[in-house]
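Visitor: Build me a model from this:
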Amino acid sequence: MGNRESNATVLDTGTVPLPPANSSIFSLSVSELYLACRANKIDVVKQLLKTASLSDINRLEPEPICSTSLHVAAYYGHYEIVKLLLDKGAIRSLKNKHNLTPCEEAQTLEIKQLFKRTGGNNRFGGYSGSVEWNIIDPVASKNVNKYKKKEEKWFKDVCIADNRLYLSDIKRYLKTKLDYISGMDIIKFFMDEAARQNDVTLVLKAYTAQTGFYEALNRELATLNTINYSSDDDQIRDEYFRYWHGPGGYAAMIAHHPKFKSYSFIGKTYRGMILLEEDIAQYKKKTLLINKSFLSTSKERENAKFFALQDQLRQNSTGKLIKYPTLCTYIIRNSQTALDIEQISEYSDEKEVLITPRAAFQVVKLKKREFKVGEIVVNIKLRECDTLIYDAADTSESSEDGGH
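Guide: Predicted coordinates for the structure are as follows:
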């Protein structure tokens, strides 16, 4: 919008000035919703949203406009309309002809705040290590990466030839098992668009939306039986195909589809947790763990720290903490383990790195401090296993492990 140069490759149609807010653009095939949002007609927008589908709400208007209703409301500073659209499931990450998202078009800080995920979510944290992890033995840790390579081969052999066929399996699973969750209409929209556009990044985008999907999916993944990584190939293969006919089908697509290779992440990432004493006990140094479900982590330490410290901490009658604010640092070493999804996510400001299920980690450090308000009490460092039975422990101290 405005008279700007564009570097976009898909939506760019040249530099075309948008008419002023008070001008007539009715000669274009522009939707009634877009026009009402642009003119700040709140009552009209409310009425239209009663019957609008998500496709209507997220419609990219024709040239020379090439933006959505959310873009235009954000651009002209229409706070109430932006809020109405977001509450109805408007997609935050769609880009207009200038390669900008609605948040990037927003004129005020107040409107930009509407695009952040609401508080009270546990996106970058967990409440129980036993739900997220299984303790494994050295033989299993040695075989995890071999297993994942076999997983990738099987996925390509069976599924990669037809994304739409595989997506239909995922949609069938969602309908039969997760149809009850909040925001399922948004998840279905992403899945339908993924099939229509033949774009699997929309499948991953669904995971980042603020719905009940990611929590329900991870609960399902956590309940699956743990694979015996030392079993023979036939047993492993049978288990894998049982796995991907359920929630594992979604996990397998995210972990193994070649479309996501360019998002591979290697490095350091963070997750906050609030742990009981018995949970902390399983993170003894040199313990080998494998994650049962997806782990949402952040490249920004403060994002994870915020989760760990957002709840009021309860103490017992002697003043001892019942649950401990904990910061986990993950050292990702293998290219197939985690994805940097900042540019895919509906909430790019979170700088999310998504760790895929069934990655092996070794606890290399656990440090516990005295409780101080507003500070992390427990720091845990986990280093991803390579092909060695035990990785050399990284026990170096650094300032980042402190309770800043």
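Visitor: For residue 269, give me the backbone phi and psi.
Guide: phi -150, psi 170 (degrees, to the nearest 10).
Visitor: what number of residues lie near it?
Guide: For residue 269, the count of nearby residues is 27 (other Cβ atoms under 10 Å). All C-beta atoms are positioned from the backbone trio N, CA, C, and that covers glycine.
Visitor: can you pull the pLDDT of it?
Guide: As predicted, residue 269 sits at a pLDDT of 97.
Visitor: Adjust the sequence numbering to begin at 810 for everything that follows.
Guide: Sure thing, new numbering starts at 810, so read that last one as residue 1078.
Visitor: Contacts only, for it.
Guide: By Cβ atoms under 8 Å, 6 or more residues apart in numbering, the contact list for residue 1078 reads 1106, 1107, 1108, 1138, 1139, 1141, 1147, 1162, 1164.
Visitor: same thing but at 10 Å, please
Guide: Contacts for residue 1078 (Cβ atoms under 10 Å, 6 or more residues apart in numbering) come out as 933, 1104-1110, 1113, 1137-1141, 1147, 1149, 1160-1164.
Visitor: so residue 1103 touches residue 1063, yeah?
Guide: Yes: counting by Cβ atoms under 10 Å, residue 1103 does reach residue 1063; the two are 7.7 Å apart.
Visitor: Can you work out which residues contact both of those two?
Guide: In contact with both residue 1103 and residue 1063: 1016, 1148, 1163, 1165, 1166, using Cβ under 10 Å, 6+ apart.
Visitor: Quick check: closest non-adjacent residue to residue 1156.
Guide: residue 926 (5.2 Å; Cβ to Cβ, 6 or more residues apart in numbering).
Visitor: mind listing the helices in the stretch 1110-1213 of the chain by residue range?
Guide: In the stretch 1110-1213 of the chain, the helices defined using DSSP state H, counting those that start in this stretch lie at 1110-1118.
Visitor: In the protein, what residue spans correspond to strands?
Guide: Remark: strands assigned in the chain by DSSP state E are 934-935, 942-944, 1076-1085, 1097-1100, 1104-1107, 1132-1141, 1147-1149, 1161-1164, 1169-1177, 1187-1193.
Visitor: Output the contacting helices and strands for the fifth one.
Guide: Judged by 3 or more Cβ pairs under 10 Å, 6 or more residues apart in numbering; DSSP states H and E, strand 1104-1107 is in contact with strand 934-935, helix 1022-1032, strand 1076-1085, helix 1110-1118, strand 1132-1141, strand 1161-1164.
Visitor: Can I get the third one in CSV? Just the C-alpha atoms.
Guide: Coordinates of each C-alpha in strand 1076-1085 appear next as CSV, following Å, rounded to 0.1, in the frame of the first residue of the first chain:
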residue,chain,number,x,y,z
GLY,A,1076,22.6,-24.5,16.9
LYS,A,1077,21.2,-23.4,20.3
THR,A,1078,17.6,-22.9,21.2
TYR,A,1079,15.6,-22.5,24.4
ARG,A,1080,12.4,-23.8,26.1
GLY,A,1081,11.0,-22.9,29.5
MET,A,1082,9.5,-25.4,31.9
ILE,A,1083,7.9,-25.4,35.4
LEU,A,1084,9.0,-28.6,37.1
LEU,A,1085,8.4,-30.6,40.3
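Visitor: buried set for that strand?
Guide: For strand 1076-1085, the neighbour count (16 or more other Cβ atoms under 10 Å) marks 1078, 1079, 1080, 1081, 1082, 1083, 1084 as buried.
Visitor: Let me have the helices and strands packed on strand 1104-1107 in TSV, extended by distance to residue 1170.
Guide: Conversion of these to TSV gives the following (distance: least, Cβ to Cβ, whole Å):
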stretch	distance to residue 1170
strand 934-935	14
helix 1022-1032	16
strand 1076-1085	11
helix 1110-1118	16
strand 1132-1141	7
strand 1161-1164	9
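Visitor: Check the ones you listed for me: which has the lowest mean pLDDT.
Guide: Least confident of the helices and strands packed on strand 1104-1107, judged by mean pLDDT, is strand 934-935 with a mean of 65.
Visitor: List the contacts of the residue nearest to residue 924 when sequence neighbours are not counted.
Guide: Once flanking residues are discounted, residue 924 sits nearest to residue 912: 4.0 Å by Cβ to Cβ, 6+ apart. Going by Cβ under 10 Å, 6+ apart, residue 912 touches 879-880, 883, 891, 901-902, 920-925, 1156-1158.
Visitor: Residue ranges of each domain in this structure, please.
Guide: What the TED database lists as the domains of the chain is 841-924, 934-1193.
Visitor: Just say which of the ones you listed is most tucked in.
Guide: domain 841-924 (a mean of 20; mean count of other Cβ atoms under 10 Å).
Visitor: measure it end to end?
Guide: This stretch, domain 841-924, spans 24 Å end to end (Cα to Cα, to the nearest Å).
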